[in-house]
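Enquirer: The following block contains a protein sequence and its predicted model.
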Amino acid sequence: MTDLPLAVAIAAVVRDGKILLIKRTKGDYIGLWGLPGGKIEKNEHLTDAATREILEETGIQTSFQQHLGVVSEHLVENNQVMQHFLLHVCELYPQTMEINPEDVDRVRWFDLEKLEEFKKQIIPSDIPMIERLVKSVDKTHFNCIIEKVGNIHVLRKFE
């Protein structure tokens, strides 16, 4: 783990009652669906990082709408904090809902009202992020702990 938390722009791309999720293929949470995003580069503003990451990861042009909140997330393994992320959750509006045919296995629109059906396939903290920051603004900051036990990620805290 580095000494400082990693600042990440996370995008809630919502249109027509659907939210865009990607399947992680590298880093933490490989094989799980989650909100798209990535680290904020040096000298890059949050708004630019969020729209850049969506374009890079999905090929979809978006416009920045608003900053929804921050989640301070610890990824714990063997009782040790392995990663500390500061997740800046942003609302973005997509110019299109078309997914490149090459990306259909890793980029998908999910019905906001049916996410519970896919709960075991989604990064554990993303469900409460969507419920409490995207669907209804509960508050704008949450502390989160995810424990990795073997290959399973368990949400221990989201408050």
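Expert: Perfect, I can see it now.

Enquirer: Next secondary structure after the lowest-mean-pLDDT helix or strand in the chain?
Expert: When the helices and strands of the chain are compared on mean pLDDT, DSSP states H and E, strand 141-149 comes out lowest with a mean of 89. Counting by DSSP states H and E, the next helix or strand C-terminal to strand 141-149 is strand 152-158.

Enquirer: residues in contact with that following strand?
Expert: Identification of contacts with strand 152-158 by CB atoms under 8 Å, 6 or more residues apart in numbering yields 29, 32, 71, 76, 123-125, 128, 132, 142-148. The C-beta positions use only the backbone N, C-alpha and C, and glycine is treated the same way.

Enquirer: and those, which two are the farthest apart?
Expert: Among the contacts of strand 152-158, the pair separated by the greatest distance (CB to CB) is 132 and 148, at 22.5 Å.

Enquirer: who's more crowded, those two?
Expert: residue 132 (20 against 16; other CB atoms under 10 Å).

Enquirer: quick one: the closest residue in space to that one that isn't next to it in sequence and residue 51, what's the gap?
Expert: If the residues on either side of it in the chain are set aside, residue 132 comes closest to residue 138, at 3.9 Å by CB to CB, 6 or more residues apart in numbering. Per CB to CB, to the nearest Å, residue 138 is found 25 Å from residue 51.

Enquirer: Looking at the two, which is more packed in?
Expert: residue 51 (19 against 11).

Enquirer: Just read off the phi/psi values of the more buried one.
Expert: Here is the backbone geometry of residue 51 (degrees, to the nearest 10): phi -70, psi -40.

Enquirer: Check the contact between it and residue 92; I expect there is one.
Expert: Yes: counting by CB atoms under 8 Å, residue 51 touches residue 92, with 6.5 Å between them.

Enquirer: so what sits against both of these two?
Expert: 11, 62, 63, 64.

Enquirer: the helices in the protein, which residues?
Expert: 46-58, 126-129 (DSSP state H).

Enquirer: residue contacts, residue 37?
Expert: 8, 9, 10, 11, 50, 53, 54, 57, 87.

Enquirer: list the contacts for the residue positioned nearest the centre of the chain?
Expert: Centroid-nearest residue in the chain: residue 35, 3.0 Å away (criterion: CA atoms, centre = their mean). Contact partners of residue 35, counting by CB under 8 Å, 6+ apart, are 10, 11, 12, 19, 21, 22, 89, 123, 126, 129, 130.

Enquirer: Appreciated, that's everything.
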